[in-house]
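J.: please work out how this folds:
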Amino acid sequence: MSADANASGAAVPLMLTELRLPTMKRLWAELAAQSNREGWTAERLLHTLLGHEMAERETRRLARARADSQLPPGKSLAEFDFAAVPAVSKAHVMALAEADSWIAQGHNLLAFGPPGTGKTHLLAAIGHALIDRGLKVLFVRTSELVQRLQAARRDLRLPAELAKLDRFDLIILDDLSYARRDQAETSVLFELIAERYERKSLAITANAPFSAWDEVFPDKAMTVAAVDRLVHHSTILEMNVDSYRRRAALPARRPTPPPPTPRKNTP
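T.: This next block holds a predicted model:
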């Protein structure tokens, strides 16, 4: 090998480091050797190196986005039991997960039903699918986000906090019904709803129907305004079925058989 080739080979890792191409830096020597042995064209070698770099970059992006989302792991649409919730159309849910037009238009997704019916699983699974499509998703318990926004308001940085949340294409608010009426607290929740209205999407799980939301917001006018903004351009999933957890527990609760009846001795 010539001195020029040696010098070029020694410079390549430094150049790839400067260009922030870690996968190509790791693989270039091996693939270049293979290229020399097999007589690849320059185009094939470059295409192969760039393909590896792009694939690993996408893997890292997905890992970062999933970590930032705080979505519960292991929740997928493949594992969701649609047969147990007949009112929910599997085709409709798959369309929501596979198309981002509703996100682009700032539409909302609302899931209602008693505890244990799979609301959180379903919305988290949709969130994971949307991350795979390149969107930014945040999953958070409503009570925790309310506390976070309340602290921001107290520190006079609520606009900055809302702007930080604005980078997410979809915010999933889990268990909205567990937030409780308090002027200082849930008014910040209304501000989030109003801020994202017709711009950015919200997905909400709630045990209580709209008629009980006066337990969440501090006054009737705010309740009506919040519901109006959420329902406008929204998909509503009604999941009023028996609890998954209760059904799963039933087989374990086998009744204890009665003691055998003693036989009477006949003379």
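J.: against Pro22, how distant is Leu110?
T.: Distance from Leu110 to Pro22, counting by C-beta to C-beta, to the nearest Å: 42 Å. The C-beta positions use only the backbone N, C-alpha and C, and glycine is treated the same way.
J.: just Leu14 next, same as before
T.: Taking C-beta to C-beta, one finds Leu14 at 13 Å from Pro22.
J.: which one's more surrounded, the two?
T.: Pro22 (14 against 10; other C-beta atoms under 10 Å).
J.: for this structure, which spans come out with low pLDDT?
T.: 1-8, 178-185, 241-267 (pLDDT under 70).
J.: work out for me the element the most centrally placed residue in it sits within.
T.: Taking C-alpha atoms, centre = their mean, the centroid of the chain lies closest to Gly127, which sits 2.9 Å from it. Assigned by DSSP states H and E, Gly127 belongs to helix 119-132.
J.: residues contacting the helix or strand just after that helix, please?
T.: Sequence order places strand 137-141 as the next helix or strand after helix 119-132, per DSSP H and E. By C-beta atoms under 8 Å, 6 or more residues apart in numbering, the surrounding residues in contact with strand 137-141 are 65, 68-72, 124, 127-128, 130-131, 165, 168-175, 178.
J.: show me which of those residues are buried.
T.: 65, 69, 71, 124, 127-128, 130-131, 165, 168-175 (16 or more other C-beta atoms under 10 Å).
J.: check which helix or strand Ala203 maps to.
T.: Counting by DSSP H and E, Ala203 is part of strand 201-206.
J.: quick check: angle from that strand to strand 137-141?
T.: If you take axes from the mean of the first three to the mean of the last three C-alpha atoms, to 10 degrees, strand 201-206 sits at 30 degrees to strand 137-141.
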